[in-house]
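Asks: 3D model of this:
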Amino acid sequence: MPVDDRSPVIIGVGEHVHRADGLDDALDPVDLMGEAMRAAASDAGLSAVPSPDSLRVIQMFSWRYGNPGAILARRLGIDVRHHAYGPVGGNTPQSIVNLTAASIQRGELDLAIVTGAEAWRTRMRARRADATLEWERDPSTPDAIGSELEMNLPAETDLGIVMPVQVYPMFESALRASAGRDVDAHLHHIAGLWSAMSDVAAENPYAWSQRSFTSDELATTGPDNRMIGLPYPKRLNSNNDVDMGAAAIICSATTAARLGVPRSQWVFVHAGTETHEHPFVSHRNEFTRTPAIEIGGRRVLALAGLDIDDVALLDLYSCFPSATQLGAASLGIALDRPLTLTGGMAFAGGPWNSYVLHAIAAMTTSLRERYGEHGLVWGNGGYVTKHSFGVYSTTPPDDGFRFDEPQAEVDALPRRELATGADAAGAGCVEGYTVMHDREQRPELAIVSCRLADGRRAWGTSRDDDVTNAMCDGEWVGADVTLDAGATLRL
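Replies: All right, here's what the predicted structure looks like:
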């Protein structure tokens, strides 16, 4: 099959997982990226890391380097013409791959490296030991790649509703009620999904946790699986307590041939799309549907000339079970299909913004073993807010890489109004809720989203023990509650 000279191909991927015994033998994120880049070069059959036209680093939380790419280039001894640094969001790796593929297709780049890492485990160890990390900094400023998106209204932040660990459980309760399952049955349903992911992680040499868990083990709370945000025990949450890095070398088909990379190593980036939901959770029309995934997923498949049933391999974002269920439903994927190649963010590891680069690495490796088949990667950022999609295959696309951002379709969809203050006071019906627990597994904060009689949404919270304990028992979606002008919840 003929290949467009400008077709973007992934020629090498690398991952590195580092389990340090202490702080002295720990690696900083730059060294984790360096190890991953060396592995990617070796994967491509190259004797050394190539000097890229652009080195594109995924934003990290473990350390503020200034320009991590400049430090990385010095440590590796490579020349880099352009340094870029991505925005916050789990969608970022796929988004940067899409932007990079488009630039290669247009002839603006010949070879780029996308890399990211986190050393959050080491960072937290240092904090607990009251130790000072003396990692390097660079004063130069890389170019921004990608765009940030404001995702919190003042009305949300004023109530402290600012963390994914609070919001995704509320989506889960809405999904549970919509499915008609009781609380225990649904908990075992999602624990079963995560059990299947743990089985994949157990076979993944780059997974942080290489252990299979039964659904009962995942659903049962205890000292090592404490409740965090109802209904999610710890093992149903993303695990960011990891030190791991990943890298992908992307270039034009002509460059891949010039470097002598065998065709058996080439994985073509066929198509990519970007979309986002209505940015603020308060304005989502409903919590059980993600239309931006429907639209972005449908479009990326159309660009690749595929239906979802033509896609053999999947890696769906897996920060929390509600995200994966929403993504699968919006993409038309049955939950009994294999949904991950890595083992998911609870078990393979959830290095903040970088997880999807590990998914892309796993996709690349898996597709080489299944020549001619196609794979789909979905990345998600925020509160199932920002979405990036990529379609990959070992066979070249008919028309080169294709990209689109069908955001106008999403923006035209209905959005729900938010009532606050005195406008929200009175009776409401619970549409989603969670109860946050402390480290001793005591309920400490109830958060509810309510529908008012006129269809508007209103938030309510409570730290009253009677309320938090009551909401841990039975199903509260559909229950009538009362809010006062200060958004205090009363049952």
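Asks: top strand in this structure by residue count?
Replies: In the chain, with assignment by DSSP state E, the single longest strand is strand 426-437.
Asks: give me the most central residue, this structure.
Replies: Geometric centre of the chain, nearest residue: residue 90, 3.5 Å, by CA atoms, centre = their mean.
Asks: before we move on, back to that, in the longest strand of the chain, what's buried?
Replies: 428, 430, 431, 432, 433, 434, 435, 436, 437 (16 or more other CB atoms under 10 Å). Heads up, the C-betas are built off the backbone N, CA and C, glycines and all.
Asks: state the mean pLDDT of it.
Replies: Throughout strand 426-437, pLDDT has a mean value of 98.
Asks: elements contacting it?
Replies: helix 164-179, strand 227-229, strand 443-451, strand 457-462, strand 480-483 (3 or more CB pairs under 8 Å, 6 or more residues apart in numbering; DSSP states H and E).
Asks: could you point out which of those sits nearest residue 200?
Replies: helix 164-179 (20.9 Å; CB to CB).
Asks: which one's the longest helix in the protein?
Replies: helix 183-202 (DSSP state H).
Asks: could you check the angle the longest strand of the chain makes with strand 457-462?
Replies: With axes from the mean of the first three to the mean of the last three CA atoms, to 10 degrees as the basis, strand 426-437 and strand 457-462 are set at 50 degrees to each other.
Asks: buried residues in stretch 44-60?
Replies: 44, 46, 49-50, 52-60.
Asks: would a markdown table of the helices and strands packed on strand 426-437 with distance to residue 339 and mean pLDDT be doable?
Replies: Formatted as a markdown table, the helices and strands packed on strand 426-437 follow (distance: least, CB to CB, whole Å; pLDDT from 0 to 100):
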| stretch | distance to residue 339 | mean pLDDT |
| --- | --- | --- |
| helix 164-179 | 15 | 98 |
| strand 227-229 | 22 | 98 |
| strand 443-451 | 27 | 98 |
| strand 457-462 | 30 | 98 |
| strand 480-483 | 35 | 98 |
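Asks: may I have the phi/psi pair for residue 441?
Replies: phi 70, psi 30 (degrees, to the nearest 10).
Asks: that one: neighbour count?
Replies: 15 (other CB atoms under 10 Å).
Asks: that one contacts residue 228, doesn't it?
Replies: No - counting by CB atoms under 8 Å, residue 441 does not reach residue 228; the two are 9.2 Å apart.
Asks: where along this protein do the helices fall?
Replies: Under DSSP H, the chain gives helices at 29-43, 68-76, 92-105, 120-128, 154-157, 164-179, 183-202, 215-219, 253-258, 291-303, 321-331, 355-368, 407-411, 465-470.
Asks: list of residues touching the last one?
Replies: Right, the one you point to is helix 465-470. Residues from elsewhere that reach helix 465-470, judged by CB atoms under 8 Å, 6 or more residues apart in numbering: 435, 443, 444, 445, 446, 462, 489, 490, 491.
Asks: at 7 Å instead, please
Replies: With contacts defined as CB atoms under 7 Å, 6 or more residues apart in numbering, helix 465-470 is touched by 435, 443, 444, 445, 446, 462, 489, 491.
Asks: what's the PyMOL syntax to select whichever of those residues are buried?
Replies: Of the contacts of helix 465-470, the buried ones can be selected in PyMOL as follows, counting by 16+ other CB under 10 Å:
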select buried, resi 435+443+445+446+462+489+491
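Asks: what's the farthest-apart pair in the contacts of helix 465-470?
Replies: It's 444 and 491 that sit farthest apart of those, by CB to CB, at 16.4 Å.
Asks: now do the phi/psi pair for residue 475.
Replies: Dihedral angles for residue 475 - degrees, to the nearest 10 - are phi -100, psi 130.
Asks: could you report the neighbour count for the closest residue to it other than its chain neighbours?
Replies: Leaving aside its chain neighbours, residue 475 sits nearest to residue 183 (5.7 Å; criterion: CB to CB, 6 or more residues apart in numbering). Applying other CB under 10 Å, we find 18 residues neighbouring residue 183.
Asks: so who does residue 183 touch?
Replies: So residue 183 contacts 231, 474, 475 (CB under 7 Å, 6+ apart).
Asks: can you lay out the helices of the chain as CSV showing distance to residue 346?
Replies: Output for the helices of the chain, formatted as CSV (distance: least, CB to CB, whole Å):
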stretch, distance to residue 346
helix 29-43, 20
helix 68-76, 27
helix 92-105, 18
helix 120-128, 15
helix 154-157, 26
helix 164-179, 12
helix 183-202, 6
helix 215-219, 9
helix 253-258, 35
helix 291-303, 21
helix 321-331, 9
helix 355-368, 11
helix 407-411, 29
helix 465-470, 25
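Asks: what about those, which gets the closest to residue 457?
Replies: helix 154-157 (10.1 Å).
Asks: show residues contacting that closest one.
Replies: 162, 281, 282, 418, 420, 459.
Asks: go again using 8 Å as the cut-off
Replies: By CB under 8 Å, 6+ apart, helix 154-157 touches 162, 280, 281, 282, 418, 420, 459.
Asks: neighbour-wise, which one of those residues leads?
Replies: residue 281 (26 neighbours).
Asks: contact partners for that one?
Replies: 151, 156, 161, 167, 383, 385.
Asks: how does it look with 10 Å?
Replies: 151-153, 156, 161, 167, 170-171, 287, 382-385, 416, 418, 432, 449, 457, 459 (CB atoms under 10 Å, 6 or more residues apart in numbering).
Asks: local confidence estimate at it?
Replies: 98.
Asks: off-centre distance for the longest strand of the chain?
Replies: Remark: strand 426-437 is offset 26 Å from the chain centroid, using CA atoms, centre = their mean, to the nearest Å.
Asks: same check, this time on stretch 46-64
Replies: That offset, for stretch 46-64, works out to 19 Å (CA atoms, centre = their mean).
Asks: first-to-last residue distance for that stretch?
Replies: With CA to CA, to the nearest Å applied, stretch 46-64 spans 31 Å between its terminal residues.
Asks: what mean pLDDT does it get?
Replies: Stretch 46-64 comes out at a mean pLDDT of 98.
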